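> predicted model and sequence below, questions to follow.
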Amino acid sequence: MTALSLLLLLLLAHLAGDFLLQCKAWVHSKQRLGYRSTAVYLHAGVHGLLALCALLIGELAFATALLAAAVIALSHLVIDILKSYTPEQVRYFLIDQALHLGVILLVWSWLVYPWPLPLLGNWLLGPEPLAILLAYVLITRPLSILIALVMQRWSAQIDNSGTLADAGARIGILERFLVLTFVLSGEFTPIGFLLAAKSVLRFGDLREDRDRKLTEYVLLGTMLSFALTLLLGLALRYLLQTL
């Protein structure tokens, strides 16, 4: 069995244990009782058994598979206990899943590529990954602040009381993430569709003169956001080609 197949089996085991074989009663028990809940230990045990099955299907030796499954089960137990003391918010759900997946990736890499961490660390600290990471960090809060400062002269004229709090900033970050990803992958056509879709959403208001100022404000901010991200993406592509 290939290394990729083994990784996919471990990921399937994780998804089955976390979302298919976990009842709501267990979830509520973990949230209410934390480490005192029996469900948190049963849930970790299920993950251990599923991981063991996946590893044995992947043709690993029983002792090695048992050790790896035990690491996955114990780490899942610790992470779930910590998560039980956090509020039900998207950020904690994503952190929880990222930690679980990180453990699975570490166990898988240890099984398939012994001691890969130094090589992985050297690659992650290379100029190309760091430049890409820097670009993605720039398009989040830093670019949002810059756009807000540029748009400040028009912000006072806009009544946004009927909009969701911080929704515009979140939408802008997602748009810039997509645009930068498309630019780095050399796919420029989807950027046009994305911009057209954003314009169509506001066309009715602009045509009927309803909330015209808000429409123009949104379109101006969108064009600025797209333009800055495109310039950043093109500059990064040029930099990566010269490295």
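Great, that's in hand. Quick caveat: nothing in here was measured; it's all calculated off a predicted structure.
> center of this protein - which residue?
Centroid-nearest residue in the chain, with CA atoms, centre = their mean: L94, separated by 7.2 Å.
> tell me which other helices or strands the longest helix seen in the chain touches.
If you go by DSSP state H, the chain has its longest helix at helix 212-242. With contacts taken as 3 or more CB pairs under 8 Å, 6 or more residues apart in numbering; DSSP states H and E, helix 212-242 sits against helix 127-138, helix 141-150, helix 152-155, helix 167-184, helix 189-207. For the C-beta atoms, the positions are set from N, CA and C on the backbone; glycine is no exception.
> same thing but 7 Å
Packing partners of helix 212-242 (3 or more CB pairs under 7 Å, 6 or more residues apart in numbering; DSSP states H and E): helix 127-138, helix 141-150, helix 167-184, helix 189-207.
> quick check, distance from that helix to the centre of its chain.
Remark: helix 212-242 is offset 22 Å from the chain centroid, using CA atoms, centre = their mean, to the nearest Å.
> single out the most deeply packed of the helices and strands packed on helix 212-242.
Among those, helix 167-184 has the highest mean neighbour count (mean count of other CB atoms under 10 Å), at a mean of 17.
> contacts for that helix?
Helix 167-184 is contacted from outside by 135-136, 139-140, 143-144, 147, 188, 190-191, 194, 225-226, 229-230, 232-234, 236-237, using CB atoms under 7 Å, 6 or more residues apart in numbering.
> check contacts around the residue nearest to the centre of the chain.
Contacts of L94 were listed using CB under 7 Å, 6+ apart, and none were found.
> host element of L111?
Secondary structure assignment for L111, by DSSP states H and E: helix 90-112.
> which positions in that helix come out as buried?
Within helix 90-112, the residues scored as buried using 16 or more other CB atoms under 10 Å are 96, 99-100, 103-104, 106-111.
> I'd like the average pLDDT over that helix.
Helix 90-112 carries an average pLDDT of 90.
> now stretch 27-43
89.
> which parts of the protein belong to which domain?
3-115, 126-242 (automatic domain parsing).
> check these for me: which has the lowest mean pLDDT.
Going by mean pLDDT, the lowest-scoring of the domains of the chain is domain 126-242, which has a mean of 78.
> what's the first-to-last distance across that domain?
Using CA to CA, to the nearest Å, the end-to-end distance of domain 126-242 comes to 14 Å.
> going forward, begin numbering at 59 instead of 1
From this message on, residue numbering opens at 59, which makes the last subject domain 184-300.
> what sits against Q80?
Q80 is in contact with H101, counting by CB under 7 Å, 6+ apart.
> now do the SS call for it.
coil (DSSP: H, G, I helix; E, B strand; the rest coil).
> from what I see, H72 and G160 are in contact.
No - counting by CB atoms under 7 Å, H72 stays clear of G160, with 11.4 Å between them.
> contacts for stretch 96-104?
For stretch 96-104, contacts defined as CB under 7 Å, 6+ apart pick out 75, 79-80, 84, 87-88, 131, 134-135, 138-139, 142.
> got JSON lines for these, with distance to L110 too?
Below are the contacts of stretch 96-104 laid out as JSON lines (distance: CB to CB, whole Å):
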{"residue": "G75", "distance to L110": "12"}
{"residue": "L79", "distance to L110": "14"}
{"residue": "Q80", "distance to L110": "18"}
{"residue": "W84", "distance to L110": "20"}
{"residue": "S87", "distance to L110": "24"}
{"residue": "K88", "distance to L110": "22"}
{"residue": "A131", "distance to L110": "9"}
{"residue": "H134", "distance to L110": "13"}
{"residue": "L135", "distance to L110": "15"}
{"residue": "D138", "distance to L110": "18"}
{"residue": "I139", "distance to L110": "21"}
{"residue": "S142", "distance to L110": "24"}
